[in-house]
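A.B. asks: Take this sequence and fold it.
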Amino acid sequence: MQSATRREIIALGLTTAAIAAGSGLGSLGRVAAQQRLTQRDLLQFDTLGDVTLLYMADVHGQLVPLHLRESPINLAIDELKALSPDAAIKEFLARYNIPTDGPTAHALTAEDFAELAKVYGRLGGLDRAAAVIKAVRAERGEDKVLLLDGGDTLQGSLGAHRTKGQDMVDCFKLLRPGAMTCHWEFTYGEQRVNELKQTLGYPLLALNVRDTEWQEPVFEPYRIFEKGGTKIAVLGQAFPFTTVSNPAWLVPNWSFGIREDDIRINVERVRREGAEVVVLLSHNGFAIDRKLAGRVRGIDVILTAHSHDPLPEPVRVGNTLLIAAGSYGKFVARLDLDVRGGAIKDFRFRLIPLFADAIAPDPEVKATIERVRSPFATELARVVGRTDSLLYRRGQFDGPFDDVICAALMQERDAEIGLSPGFWWGTTVIPGSSITIEDIYNVTAITYPEACRRSITGEQIKQMLEEAADSVFNPDPYYRQGGDMIRCGGLRYTINVGKPSGDRISRLSLARTGEPIDQSKSYVVSSWACGTQGVEGPPVWEVLENYIRSKGVVRAPTQSAVTVATD
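C.D. replies: As a prediction, this is how the structure comes out:
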């Protein structure tokens, strides 16, 4: 079977080199790209069997097309390998035989991102996703298609924050998903999650969430659907570390975990109920799901989310297929299954990139998006400053947008050191662009946004970094809670990811003076997303807005504050 990536390359047949030859990568190049990237080409697919699974995940409150630079370190390659970003990108492109200067490279990687963005424009937009989903349903027939949502859908933007996820519910429900699971949705609190669950119109599945008093299930563990004459069981797996990575006081009566035994019990139960295909709709993250697939039998497909990986082909572990559909609505994953005799005999896959200029938006969803954004339209468009740098979040150790946030924390909160959490969510701003309020909220919109200021010792700083490093680089995926390293402003350090827990961080020093961090000395530190109930401080988006306005034009550091040691 020809790989999805090669079919896409054949279908699109477009490289930036070819465009440059005729147009110099200017506005004509953009027009040429739009003419060559068509909805028909993007949807080209050799159908198989009688079941089609469509999948989206980690949309993070985004309703309109956007720029999103992918992380150069893709967890599906080797999440503990000490690769430079350039080496990691090259390895990914080589593994999947992707040309370095084409639309596939731009959609899937950080390769030459700012320049390729000028050619191919933005991706995503829920109205574009709706158009693609409706086209697949029209092609296959309603009775053969099941759309599933991997969670982290209702958080991550100004609109989602102000409406507590309702704007996303109003729009996403029009896509008619069969089910969803959750992570950041839980940060709205127990009461709001229960309210949202009632308005979805489809089930919220999470077999691994229990109430803390009686240890009873809080949510429906699974739902069985019939598509194409096949019984498909969908088991929900919410983010297992919610009360560790996010404040436990937001959901004080609920407990979380990977809970392998619960997964096994439910797999066996749905098989007894006649399920021919078992799907785990999981927000564990790719590394955890890859390990779990080798330990829990009977799962046919894991739709994995949380780590934001866009994978052009499934990863097979034993008899289980792992599907990763990227984030921010940039892709719709399509998996066709040939199911006979109660088993999957064959499959065919396509990760469909939603190039916004190539796909006609669905009118109904477009109108709803405009309606839910209208109360905030003026505020979203307000320009605060400009950037000379490519501003993005993803990177294992630092990222330019977080560098700017750290600088803002130090200046606006009068601190020696600024710390920003290694969240995986956050959109990208192209060099030379205006920075708007929408851009600021796209990297800060959380329910515990206070920028706190406190004095902590050098020993506490090192301990904090060591704990973060263990969460990111623990050799056992079941102990990785997701996210990248804490971002540091005013601080430099060396990390050796191959060292044991508690011994990975060394050579801490103040960036301004080069003075080594004294374990016994106290330093003034400002951070956000502190997680402590009742913490005082202005919201981080206000701190960031004031800083950007004071600068006019922001520039991120060109050198990393982190040295990666491999000895």
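A.B. asks: how about the strands in the stretch 201-350 of the chain?
C.D. replies: With DSSP state E, counting those that start in this stretch as the criterion, the stretch 201-350 of the chain has strands at 210-211, 222-227, 230-237, 254-255, 277-282, 301-304, 315-317, 320-324, 331-340, 343-353.
A.B. asks: now swap in the stretch 451-567 of the chain and tell me
C.D. replies: Counting by DSSP E, counting those that start in this stretch, one finds strands in the stretch 451-567 of the chain at the ranges 451-457, 487-489, 491-495, 505-510, 522-528, 553-554, 562-564.
A.B. asks: would TSV of those strands with distance to residue 236 and mean neighbour count be doable?
C.D. replies: Where C-beta positions appear, they are placed from N, C-alpha and C, glycine not excepted. Output for these, formatted as TSV (distance: least, C-beta to C-beta, whole Å; neighbours: other C-beta atoms under 10 Å):
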stretch	distance to residue 236	mean neighbour count
strand 451-457	34	18
strand 487-489	32	26
strand 491-495	35	21
strand 505-510	37	16
strand 522-528	30	23
strand 553-554	41	18
strand 562-564	37	15
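A.B. asks: looking at those strands, which has the lowest confidence?
C.D. replies: Here the lowest mean pLDDT among the strands of the stretch 451-567 of the chain goes to strand 562-564, at a mean of 90.
A.B. asks: Which secondary structure elements does it sit against?
C.D. replies: Secondary-structure packing of strand 562-564 (3 or more C-beta pairs under 8 Å, 6 or more residues apart in numbering; DSSP states H and E): strand 491-495.
A.B. asks: circling back to that earlier point, I'd like the strands of the stretch 201-350 of the chain laid out as JSON lines, including mean pLDDT.
C.D. replies: Converted to JSON lines, the strands of the stretch 201-350 of the chain look like this (pLDDT from 0 to 100):
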{"stretch": "strand 210-211", "mean pLDDT": "96"}
{"stretch": "strand 222-227", "mean pLDDT": "98"}
{"stretch": "strand 230-237", "mean pLDDT": "98"}
{"stretch": "strand 254-255", "mean pLDDT": "98"}
{"stretch": "strand 277-282", "mean pLDDT": "98"}
{"stretch": "strand 301-304", "mean pLDDT": "98"}
{"stretch": "strand 315-317", "mean pLDDT": "95"}
{"stretch": "strand 320-324", "mean pLDDT": "97"}
{"stretch": "strand 331-340", "mean pLDDT": "97"}
{"stretch": "strand 343-353", "mean pLDDT": "96"}
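A.B. asks: end to end, how far does stretch 42-50 reach?
C.D. replies: 21 Å (C-alpha to C-alpha, to the nearest Å).
A.B. asks: can you list contacts of that stretch?
C.D. replies: Stretch 42-50 has contacts (C-beta atoms under 8 Å, 6 or more residues apart in numbering) with 7, 11, 132, 135-136, 139-140, 144, 227-230, 334, 336-339, 345-348, 350, 352-355, 358-359.
A.B. asks: Now that stretch: buried residues?
C.D. replies: 42, 43, 45, 48, 49, 50 (16 or more other C-beta atoms under 10 Å).
A.B. asks: Please narrow those to those residing in helices.
C.D. replies: Of the buried residues of stretch 42-50, the ones assigned to helices by DSSP state H are 42, 43.
A.B. asks: with the buried residues of stretch 42-50 in mind, which one is nearest to residue 406?
C.D. replies: Comparing these against residue 406 with C-beta to C-beta picks out residue 42 as the nearest, at 38.4 Å.
A.B. asks: how much space between that closest one and residue 529?
C.D. replies: 37 Å (C-beta to C-beta, to the nearest Å).
A.B. asks: How about residue 270?
C.D. replies: Per C-beta to C-beta, residue 270 is found 37 Å from residue 529.
A.B. asks: What of residue 328?
C.D. replies: 20 Å.
A.B. asks: So which of these two has more stuff around it?
C.D. replies: When residue 328 is set against residue 529 and neighbours are counted by other C-beta atoms under 10 Å, the residue ahead is residue 328, at 29 against 20.
A.B. asks: how much space between that one and residue 476?
C.D. replies: Distance from residue 328 to residue 476, counting by C-beta to C-beta: 29 Å.
A.B. asks: And residue 421, by the same measure?
C.D. replies: For residue 421, the distance to residue 476 (C-beta to C-beta) stands at 22 Å.
A.B. asks: Neighbour count: those two, which is higher?
C.D. replies: residue 421 (19 against 9).
A.B. asks: Need phi/psi at the closest residue to that one other than its chain neighbours.
C.D. replies: Once flanking residues are discounted, residue 421 sits nearest to residue 529: 4.8 Å by C-beta to C-beta, 6 or more residues apart in numbering. With angles defined as degrees, to the nearest 10, residue 529 sits at phi 60, psi 40.
A.B. asks: these two touch, right, residue 529 and residue 447?
C.D. replies: No: with contacts defined as C-beta atoms under 8 Å, residue 529 does not count as touching residue 447, sitting 9.8 Å away.
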